[in-house]
Each structure stands twice: as C-alpha cells, then as structure tokens.
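In: Take this sequence and fold it.
(chains A and B)
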Amino acid sequence: MSSPQTARQILDRHYLEIRSKILDLAASLDRVERAAEDSVKDDPRLAKLRSGIELLLTPGTDRAERVQMLFSDAYVENWMKK
Amino acid sequence: MYFIDPHVHMISRTTDDYERMTRMGCVAISEPAFWAGYDRGSAASFHDYFRQLTEFEPMRAGWSGIQHYTWLCINAKEAENVSLAREVIKLIPEFLDRPNVLGIGEIGLNKNTLNESTIFQEHVDLAVRMNQQILIHTPHLQDKFKGTHMIVDMLRADSRVQPQRVLIDHVEEHTVRLAKDHGFWCAMTLYPTTKCTPARAADIIEQYGDEQIMVNSAGDWGPSNPLAVPDFIQEMRKRGHSETKIKKIVYDNPLQFFSQSKNFQFKSPDITYGAGKP
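Out: Residues are numbered from 1 along each chain as shown, chains lettered A, B, ... in the order given. Below you'll find the predicted structure:
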C-alpha cells in the first residue's frame, strides 16, 4: 500500500510546512547557542541532535524509523535468561 | 463518519468532551486503566477506580450516546511496587464479569525494569487463566524500542497467549513491525507532543497496510486531544484515501478486535440512530 498522491502533490501540499519546521529547528539551535554556556557544549543530547539532522540528508524512505532508532535505547538479546 | 476511539482515558476528561466526540461521530470508546498522575497509596484506591470505570463512567458516556468499554490492571508505572501490584491483581477477577469489561490493560513496561516485567507476566497469566483479551502499553521515547521488544519476548515465551487477542499500543515507525510480524494487533496513539501525529500515522498505514491496526487519542489529563481520531480521518481524506479504507481503520478494525471479548455487546449506530449517519 502506498500514498494515492504523487510526489509533486505531496511537495506542493507540504513545502511551506516543511520549510516552517526547518525554521523552527534553526531557531531552536540558535536559541541554545545564544544562551551558550560551556556546560552544554559536550552535552550528548546536542551530539544526538546533530546526528539526527545529518541523517535527514541521507537518501531513503525510512528516515523516520532511523531517527527513532538513533534516539532509542539498545535492546539486549536474551535478557530474560539473565 | 462513525468512529471508535479504542484508547482514551475519559475519567480525566469532561462531559463536554464526550459531547464533542459524539458530534464528530464517536459511537464507542474503550478506556484502559492507567496512571492517575500520582502513585496511589493502597489497593483500595484501585478498587474505587475499577468501580468508577465499570459503574459511573459507562453511565456518563451514555448521556452522550457513547458506548463505554474498559480494561483493568495496575499500570506499568505503579507496577514497580510489586507488593501493591499483586494486591491489585487479586482485586481484578471480581470485576471481569461486569458488562463493559473487555480484558486486562493497559499493562506493559514503563522504564523496562525487572519488577515491571514480573508484574507484566503476572497480568498476562491472569488474562490467560480468565480467558481475557490483553491491551498493552509500550514505553515512550528512548525506552520504546527496547521495551516493545521485551514485551514481545515475554508474550512469545508464554505459549498460552493467542496473538490475535492481544493489542500492542503506542506503536511508531520503529516498533510497528515488531507487533505485526508476530500476529499481534497494534494501535498508534495520536498525541501532540510525544507519540505519533496524524500525518505520521497515515504514513505508517501507507507503509505497513491497514490490517490489524487502529488509531486512538489516548486522551488523558496531559496535553492530549480526544478528537485526534477525526484529525486522522481528515488527514487520510486529504491524501485521497477511500472512505472504505479509513472506516476500516477507525471503526471496522476496533470492532473486529473487541468482538473477541464476550462482554463486547456493541449496538450498531445504524440501529441506534437509524438513517442519520454523520
């Protein structure tokens, strides 16, 4: 099952919405940097956010799933036997 | 379009919300037992809560013409207290024959601890012994993938569990396959700040199909929207999906899943309202 819409229709409908989300993201990162203290420079959450943004630039139809996995704890096989 | 919200915590909502849901086409809801925002101090508090879910709440829903069903348990967050959880589990059987009880839920994991796992398995044992359906909460945010995997492991380790009688809730892009590949039902929760948006839920439907899947609002005392299912309907319509497909997800699928419970005595809105379909 796939979308009944063409790529052109999806882009037409969502272009401004996506642009707005990128602006929100940019403004949020600006906000952190404007208030920057050394205490957050090495915060692992910032590194995660950077990795997430880099992931958006990779090709594929599973970016959302890969972003989810980036922010997920690892599953440990055979945990019930421990 | 008529719809069923299969997961909404109406005790946290106003009667006005019931009215608005009716006007938008809601004909039935199911309300799993959940965390009240604070840890309750005794099993007696849960006894009162179960009475509220099986006595007052169906009556209040009925004032707006909505059929109210419920699921009983001690939620994963409070299940960390194993002794309290066991006391609460002992209370549940006396409520299982009440006319709006569909099964055990929403059980699951919160922080993926061993105590939570122990109580989850004890709930599953109760459900199987009492021939009840199961509704499962999966953890949020970074705990979700690991927790959903652990839940599937525990369910698959119990050969008595029938996957088609189990609903794994709050699935997202990285957990939907875990539920579907093993034959469980699943649901996506449309929640403004965490969980899924209507657009992402529609994406998941387009990627993984409309079998054994539904959507819910999980409206509760937090930032949430009891009209989230109509938002999903609107999103699907904007994309050009057929009314038949949308109805399957928001109405037919919940009906099919709930119909496995002996207490699910659904009255069709076509009978209740006649020809006046929304």
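In: Would you mind measuring from the closest residue to residue B:99 other than its chain neighbours to residue B:35?
Out: Nearest non-adjacent residue to residue B:99, counting by Cβ to Cβ, 6 or more residues apart in numbering or on different chains: residue B:263, 5.8 Å away. All C-beta atoms are positioned from the backbone trio N, CA, C, and that covers glycine. Distance, residue B:263 to residue B:35, using Cβ to Cβ, to the nearest Å: 24 Å.
In: Could you do residue B:155 as well?
Out: Taking Cβ to Cβ, one finds residue B:155 at 22 Å from residue B:35.
In: same question, residue B:19
Out: 26 Å.
In: What of residue B:187?
Out: 18 Å.
In: now do residue B:178
Out: Residue B:178 is 23 Å from residue B:35, by Cβ to Cβ.
In: Between residue B:19 and residue B:35, which is the more surrounded one?
Out: Each of residue B:19 and residue B:35 has its neighbours counted (other Cβ atoms under 10 Å in any protein chain shown); residue B:35 has more, 19 against 14.
In: OK, contacts around the more buried one?
Out: Neighbouring residues of residue B:35 by Cβ atoms under 8 Å, 6 or more residues apart in numbering or on different chains: B:75, B:77, B:78.
In: where does the closest residue in space to the last one that isn't next to it in sequence land in three-state SS?
Out: Take residue B:78 and drop its neighbours on the chain: the residue closest to it by Cβ to Cβ, 6+ apart is residue B:39, 5.5 Å away. The three-state assignment at residue B:39 reads coil, by DSSP: H, G, I helix; E, B strand; the rest coil.
In: need the contact list for residue B:39.
Out: Counting by Cβ under 8 Å, 6+ apart, residue B:39 has contacts B:77, B:78, B:81.
In: Kindly report the same for residue B:191.
Out: B:217, B:218, B:223, B:224, B:225, B:228.
In: Please indicate which of the residues you listed are buried?
Out: B:217, B:218, B:224, B:225, B:228 (16 or more other Cβ atoms under 10 Å in any protein chain shown).
In: Is it possible to get JSON lines of the residues you listed that adds pLDDT?
Out: Listed next are these as JSON lines, based on pLDDT from 0 to 100:
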{"residue": "B:217", "pLDDT": "97"}
{"residue": "B:218", "pLDDT": "95"}
{"residue": "B:224", "pLDDT": "94"}
{"residue": "B:225", "pLDDT": "95"}
{"residue": "B:228", "pLDDT": "98"}
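In: my read: residue B:2 touches residue B:25, true?
Out: Yes - with contact defined as Cβ atoms under 8 Å, residue B:2 and residue B:25 form a contacting pair (5.0 Å).
In: would you say residue B:92 is within a helix?
Out: Yes - according to three-state DSSP, residue B:92 belongs to a helix.
In: Heading C-terminal from the lowest-mean-pLDDT helix or strand in chain A, find the next helix or strand.
Out: In chain A, no helix or strand scores lower on mean pLDDT, DSSP states H and E than helix A:38-41, which sits at a mean of 78. Remark: after helix A:38-41, the chain's next helix or strand is helix A:44-56, criterion DSSP states H and E.
In: Can I get the helix or strand just after that next one as CSV, trimmed to CA atoms?
Out: Following helix A:44-56 in sequence order, the next helix or strand is helix A:63-70 (DSSP H and E). In CSV, the C-alpha atoms belonging to helix A:63-70 read as follows (Å, rounded to 0.1, in the frame of the first residue of the first chain):
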residue,chain,number,x,y,z
ARG,A,63,14.4,8.3,7.7
ALA,A,64,11.7,8.5,10.4
GLU,A,65,12.5,4.9,11.5
ARG,A,66,16.2,5.6,11.6
VAL,A,67,15.7,8.8,13.6
GLN,A,68,13.6,6.8,16.0
MET,A,69,16.4,4.2,16.4
LEU,A,70,19.0,7.0,16.9
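In: what about helix A:63-70, near chain B?
Out: Yes - Helix A:63-70 is in contact with chain B by Cβ under 8 Å from any Cβ of the partner chain, via A:64, A:65, A:68, A:69.
In: Next, report how far that helix is displaced from the centre of its chain.
Out: Helix A:63-70 sits 7 Å away from the centroid of its parent chain (Cα atoms, centre = their mean, to the nearest Å).
In: What mean pLDDT does that helix get?
Out: Confidence for helix A:63-70, expressed as mean pLDDT, is 98.
In: For chain B, give me the ranges with low pLDDT.
Out: For chain B, applying pLDDT under 70 flags the ranges B:272-278.
In: Which stretches in it count as helices?
Out: For chain B, the helices defined by DSSP state H cover B:15-23, B:43-51, B:57-63, B:82-91, B:114-129, B:144-157, B:176-180, B:198-208, B:228-239, B:243-247, B:253-258, B:269-272.
In: sorry, back to before: looking at the contacts of residue B:191, which are in strands?
Out: Of those, none are assigned to strands by DSSP state E.
In: got a list of what the residue nearest to residue B:99 touches?
Out: Residue B:263 touches B:69, B:97, B:98, B:99, B:100, B:101, B:102, counting by Cβ under 8 Å, 6+ apart.
In: Is the first one bridged to anything, and to what?
Out: Going back to what we said before, that points to residue B:69. residue B:30 (DSSP bridges).
In: Please list all residues in contact with it.
Out: Per Cβ under 8 Å, 6+ apart, neighbours of residue B:69: B:28, B:29, B:30, B:31, B:100, B:101, B:102, B:258, B:263, B:264.
In: Sort out which one of those residues lies nearest chain A for me.
Out: residue B:258 (23.9 Å; Cβ to the nearest Cβ).
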